Each structure stands twice: as structure tokens, then as C-alpha cells.
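**Student:** Based on what follows, work out the 3D shape:
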Amino acid sequence: MSIYGPFVLTSLGIIGNILSILIFLSPRYRRQSSHFYLLSLAISDLCFLCINLIEDTFRNHNELYQSRINILDHSSPIICIFVQYARNTTRLLSSWIVVSFTIERLLVVYYPLKRVIICRRKIARLVVLSLFIMSLLININVPFHYGIINLSNHFEIEETICDILPQYRSIYMRFAISAMVTVYLLPMCIISLVNMLICSKLWRKSLLTEKDENHEIFKQRQKINNSRRLGSLLGSFSRSHLSKTPSNAINRVQQCQTLRLSALNKCQSIGSLITSDANTTQVNSNFWPDRRQNHSNSHSISNPSFTYTAHTKQSPTCVKNYIQSRANRVTVTLLLVSCSFLLLNSPYCVVWLANYVHGFRIAALKSIKELTELFMLTNFCINFLLYCASGKVFRNELMYILRCQWKELYNRNEGDRRGSYKSRPQYNIQLQESQIKRRTTNGVVKKQNYYPFKN
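**Tutor:** The predicted structure is shown next:
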């Protein structure tokens, strides 16, 4: 269990983090600051898992099978110090990256109008760079405390191991306590508090949104009922008026028909100028069913020959709802990552503190500690599964990698096209000037009238 469990977890985590890095480097994910945080987190987790595979897994395998694959223990002191320094730095960096994007989500949820200012990729780069420098400074003691130590086993064979130097083991526990506080306890407290604030704010927003939707539905029903009553009153009035003055009514009906025919001709001439993004002569096919559905609800002038409906536009409310839903999806993904950090690291912290209180002398607590280390190791491996479960765009980008379609994945124009076409349902309707036909008549150039319904 101490060999194959960490080996399987570490191998799967390395593969998942490599795939995450490849996806977050694609043009589709180069826009938001949250994706830069996730890219940095994947790189940090990948470095930690590679070092853990070389150090712990290979060392445990060597102790059981004498395979001598513990390459770190047979390396030079410089490599030993560098690997231990990188291990402690990346472990601390991963924890505080999770804290940083959790705090960013808190600011976005509480101040949505300043989201463009808060979620700048330049700010995310500065934050990650500051965290990296802070991690290097906090672990500045590691190069002085670690080195190659000579050991003798029961086979009377000289062995070496990359570990803490004997002269510094008396003060090692103080640095271990400080590492536990800075890597796990303090980030977990901050993430717990911030996640509670985010969830409470989102819950209050959902209640307000539901109340507004119910009020809007009630107003629409009132409008429909009022329009039906008005229509029935106008119908009864027109029937009574027609029965009294049939000749005048016939003349008015004929006038209305001529006005409707002229309006239809104008609409047909304008409709020839309306084109979609494909430069066709009609509106996008996704747009016309909505007009047909709204045909009966809109105010129209109809007779047995045709029906004229007013042109509908995409309301700003739809765009606002789309932006809000996209921000909510990112918030859910980041909340999943931060909650998994809490759930998987909490058992390890509790058992480690219990071992510290008892002086690391109880064998049962030591075995439980080995089990909780698997949960702690899972925290560096599970993010890829969370991205796949919560992100449809992430799954689409993953399919490009699995199909080895690298050109489609890293093509900037293709990424922009997929982002605008798949993620956001929009209708781009524009007027295109028709080409002016020219013909010569005895050296005189004549232009056709641009608006055929004008005199």
C-alpha cells in the first residue's frame, strides 16, 4: 500500500496535470485571470508530484525490494538540496494559489461591476510571482538543513539518503510546525471563511433573482390578459360598427389593405438588405423560429394574405444574464477546487498534530498518518477530474488533445471562433449595401435607385 498506492496516484496526477497545462495554454484560456491561476496551480502540482515520485515512492520501493532506483539518495548534495527546496516551495505555492483565486472570486461576487478591473491577467501574474518569491523566502532554511547522509543497514552495506542533517534535527520540529501552519492550517482557515462568504452571497443573489423572475412573469401575464380584453372589446366594437355602416366600413377595409400592401413591399425591400454572418440574403435560421413563436403574442396587422410582425432585438438583459452565468460557472469550478483542498488536507493535518502531541511514538497513529498522506497526495491529482466534471469547454479542448488535433487546439483564430460560436448564442444581423449597378447610355452613367420604394 505504501508503494503502489502513491505510485498510481502520482502517475495519474502527473498525466492529468500535463493535460491541464496543455489545455490552459490554448488560446481559449488566455483571457481570464482565473485560468492563469489554474495554469500556475497545475504547474506547481506537477513539480511536486514528480519530486514525490522520485523521492518517496522510489525510496519505499528500494527499502522493500532493494531495487536501488532511489536515484535521489545516490545523487550529489547540490541535487539533494535543490530537490528538497523545490518540493517545499511548490507545496507552499500550491496552497497559496488556491487562497489567491478564492479571494479573487470573493471580490468578483461582492463587486460584480468591477469584475473587469479585478480579473485582469496582469494582476494574476503579479500575484503568482509574489507568491513564488514569498515561498522561496519562507523555505530559505531548507538549503542549510538538508544534505546527503551515510547510513549502514543490516546487510552491513553503506547506504546514502537525502535527508535532514543530524546536527539540525533538534530544531527541525520548529520548522515543521511553521511549515504545517503556513502550508495547511492558515490557508485552510482563510479558504473556509471565504467560501462561506461566497456561498452566502450567491444564495442571497439566487433568492433575489427568483423573486424578480416571479414578478416579471406576473407582469407578463397581466399584459397578456389586458391585450386579450382589449382585443375582444375592439372586435365587438368593429362588428357593431360594420353592421351599422357597411359602405363606409368596406371603404376603410380597402384603405387598410392598400396600406398593408405598401408596408409589405417596404418590408420585402428592406429584408433583401438584411444578411447574417454567412453573407446570405436572409436572417440566421436560428432567429426565424423565435419570430414565429412570438408571432401570435406580438402586435401585428394581419389579414388572410399576410402577417406583419415587428422586428425583435436581443435585449441587454440576455447579454447580462449570459455574462453572469459564465462568471457563475467559473465560480463553481474554483469553489470545487478550494473545497477539495479543504476536505483532502484536513485529515492529514489532524493526524499530524495528534502525532506531534504524542511525540510520534504511537504506531497506530503512524499507520493512520500514512493513510492520510494518500488523501493529501490526492489533492495534487484531483483537479483535472474537477475541471472535466465542471467545464464543458474544458472537455471540448480535451477531445482535441485526445484526437491529436494540435493545430485546431492552438490556432488563435479557431479558439476565438469556437468561443464566440459555441459559448455565446448571439445573432449578428447587419445591413449590407448592395452593389450599385452601372450601365452606360451614350456616355452617361446612370445609377439605379438604392431604395426602390422611394420616388
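**Student:** and the longest helix along the chain, what's its mean pLDDT?
**Tutor:** In the chain, assigned by DSSP state H, the helix with the most residues is helix 186-244. The predicted model assigns helix 186-244 a mean pLDDT of 78.
**Student:** From the contact counts, what lies against it?
**Tutor:** helix 77-110, helix 316-357 (3 or more C-beta pairs under 8 Å, 6 or more residues apart in numbering; DSSP states H and E). The way it works is simple: take the backbone N, C-alpha and C, and place the C-beta from them, glycine included.
**Student:** Would you single out the least confident of those helices?
**Tutor:** With a mean of 81, helix 316-357 has the lowest mean pLDDT of those.
**Student:** in the helix or strand following that one, what's buried?
**Tutor:** As assigned by DSSP states H and E, the chain's next helix or strand after helix 316-357 is helix 363-378. In terms of neighbour count (16 or more other C-beta atoms under 10 Å), helix 363-378 has its buried residues at 365, 368-369, 372-378.
**Student:** next one: stretch 182-195
**Tutor:** Quick answer for stretch 182-195 (16+ other C-beta under 10 Å): 182-184, 187-188, 190-191, 194-195.
**Student:** just those now: which is nearest residue 346?
**Tutor:** The nearest member of the buried residues of stretch 182-195 to residue 346, counting by C-beta to C-beta, is residue 188 at 6.8 Å.
**Student:** any idea how far residue 375 is from the closest residue in space to that closest one that isn't next to it in sequence?
**Tutor:** Closest residue to residue 188 apart from its sequence neighbours, by C-beta to C-beta, 6 or more residues apart in numbering: residue 342 at 5.8 Å. Separation of residue 342 from residue 375 (C-beta to C-beta, to the nearest Å) stands at 11 Å.
**Student:** just residue 399 next, same as before
**Tutor:** Distance from residue 399 to residue 375, by C-beta to C-beta: 30 Å.
**Student:** just residue 409 next, same as before
**Tutor:** 33 Å.
**Student:** what are the phi and psi values for residue 149?
**Tutor:** Backbone torsions for residue 149, taken as degrees, to the nearest 10, come to phi -120, psi 140.
**Student:** In contact with it: list those residues for me.
**Tutor:** Applying C-beta atoms under 8 Å, 6 or more residues apart in numbering to residue 149 gives the contacts 160-163, 165-166.
**Student:** Tell me what it is bridged to.
**Tutor:** Residues in a beta bridge with residue 149, per DSSP bridges, are residue 161.
**Student:** Check what pLDDT it gets.
**Tutor:** Note for residue 149: predicted pLDDT of 88.
**Student:** returning to that earlier point: I'd like the buried residues of stretch 182-195 laid out as TSV, including distance to residue 38.
**Tutor:** As requested, these are exported to TSV (distance: C-beta to C-beta, whole Å):
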residue	distance to residue 38
182	22
183	20
184	20
187	17
188	19
190	18
191	15
194	17
195	17
